[in-house]
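fold the following for me, if possible:
(chains A and B)
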Amino acid sequence: DTAVSQTPKYLVTQMGNDKSIKCEQNLGHDTMYWYKQDSKKFLKIMFSYNNKELIINETVPNRFSPKSPDKAHLNLHINSLELGDSAVYFCASSQSVRQPQHFGDGTRLSIL
Amino acid sequence: KNQVEQSPQSLIILEGKNCTLQCNYTVSPFSNLRWYKQDTGRGPVSLTIMTFSENTKSNGRYTATLDADTKQSSLHITASQLSDSASYICVVSGAGGSYIPTFGRGTSLIVHP
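You can find the predicted model right below:
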């Protein structure tokens, strides 16, 4: 029944590795997002897709590449992981950019 | 630069008491303001959303107010419960074609028995 589901929930990996986080929503929403929440709990938007098209791309390093195979999925691939990438990454979706967003429970990424 | 400032940063209250959280913003032009509740280890959950013409909106024991002239919002929690312990985040969205929500840093609320 989970509306927005992210996998994995926890991700522990070494610096320099490449990893992916998957997100799926079953709400029929048109818009999906990726957020980063740092150690001070500050949520910052990274990307947003509307009907598989990129509409928001904040100042995120090129090592981060979102991919939306269809409007129910928005995956996040990260190359050459760095210590500063350690954070909780949240996926969210909404019917449109002006509607409330439904968040997943986050992926806790720890870089060793 | 669009900003959302929340106060207090943290708050401790006793169960059953009321409390009010504040949110000031500089986002312009304004589209809507949302309050989210984020439990520890979970994603944020939407509590209320208000547009320019709405002054108040309730969701159970949560009541949000909006003064678009002074660019201030508050979230009032009535008869607090232990389950209200969470972080409350104010998010403001601008109008226009380029939509990017601006998040506040949140107020951490702890309700003690």
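
now do the contacts for the closest residue to chain B within chain A.
Chain A approaches chain B most closely through A:F103 (3.0 Å), counting by CB to the nearest CB. For the C-beta atoms, the positions are set from N, CA and C on the backbone; glycine is no exception. By CB atoms under 8 Å, 6 or more residues apart in numbering or on different chains, the contact list for A:F103 reads A:V4, A:Y35, A:F90, A:C91, A:A92, B:G43, B:P44, B:V45.

is the lowest-mean-pLDDT helix or strand in chain A anywhere near chain B?
Least confident element among the helices and strands of chain A, by mean pLDDT, DSSP states H and E: strand A:53-57 (a mean of 83). Yes. Shown here: strand A:53-57 in contact with chain B (CB under 8 Å from any CB of the partner chain) through A:I55, A:I56.

the next helix-or-strand element following that strand versus strand A:53-57: what angle between them?
Sequence order places strand A:64-70 as the next helix or strand after strand A:53-57, per DSSP states H and E. Strand A:64-70 runs at 150 degrees relative to strand A:53-57, counting by axes from the mean of the first three to the mean of the last three CA atoms, to 10 degrees.

who does strand A:64-70 touch, helix- and strand-wise?
Other helices and strands packing on strand A:64-70, by 3 or more CB pairs under 8 Å, 6 or more residues apart in numbering or on different chains; DSSP states H and E, are strand A:43-50, strand A:73-78.

at 6 Å instead, please
strand A:73-78 (3 or more CB pairs under 6 Å, 6 or more residues apart in numbering or on different chains; DSSP states H and E).

how far away is the residue nearest the centre of chain A from A:N75?
Among the residues of chain A, the one closest to the centroid is A:W34, at 3.2 Å (CA atoms, centre = their mean). Going from A:W34 to A:N75 by CB to CB, to the nearest Å gives 9 Å.

again with B:I49
For B:I49, the distance to A:N75 (CB to CB) stands at 28 Å.

B:S74 too?
In this view, B:S74 and A:N75 are 38 Å apart by CB to CB.

ok, then the element right after the helix or strand of chain B with the lowest mean pLDDT?
In chain B, no helix or strand scores lower on mean pLDDT, DSSP H and E than strand B:102-103, which sits at a mean of 90. Using DSSP H and E, the helix or strand that follows strand B:102-103 in sequence is strand B:107-112.

please work out which residues outside that following strand touch it.
B:6, B:10-15, B:21, B:80, B:82, B:84-85, B:87-88 (CB atoms under 6 Å, 6 or more residues apart in numbering or on different chains).

for stretch B:17-24, same thing?
The contact list for stretch B:17-24 (CB under 6 Å, 6+ apart) reads B:5-7, B:13, B:72-78, B:80, B:88, B:90, B:104, B:107.

buried residues of that stretch, list them for me.
B:C19, B:L21, B:C23, B:N24 (16 or more other CB atoms under 10 Å in any protein chain shown).

just the CA atoms of it, as CSV, please.
Taking Å, rounded to 0.1, in the frame of the first residue of the first chain, the C-alpha atoms of stretch B:17-24 are listed here in CSV:
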residue,chain,number,x,y,z
LYS,B,17,-0.5,22.1,26.4
ASN,B,18,-0.9,24.2,23.3
CYS,B,19,1.9,25.7,21.3
THR,B,20,2.4,27.9,18.3
LEU,B,21,5.2,27.7,15.7
GLN,B,22,6.1,30.6,13.5
CYS,B,23,7.2,30.9,9.8
ASN,B,24,8.3,34.1,8.1
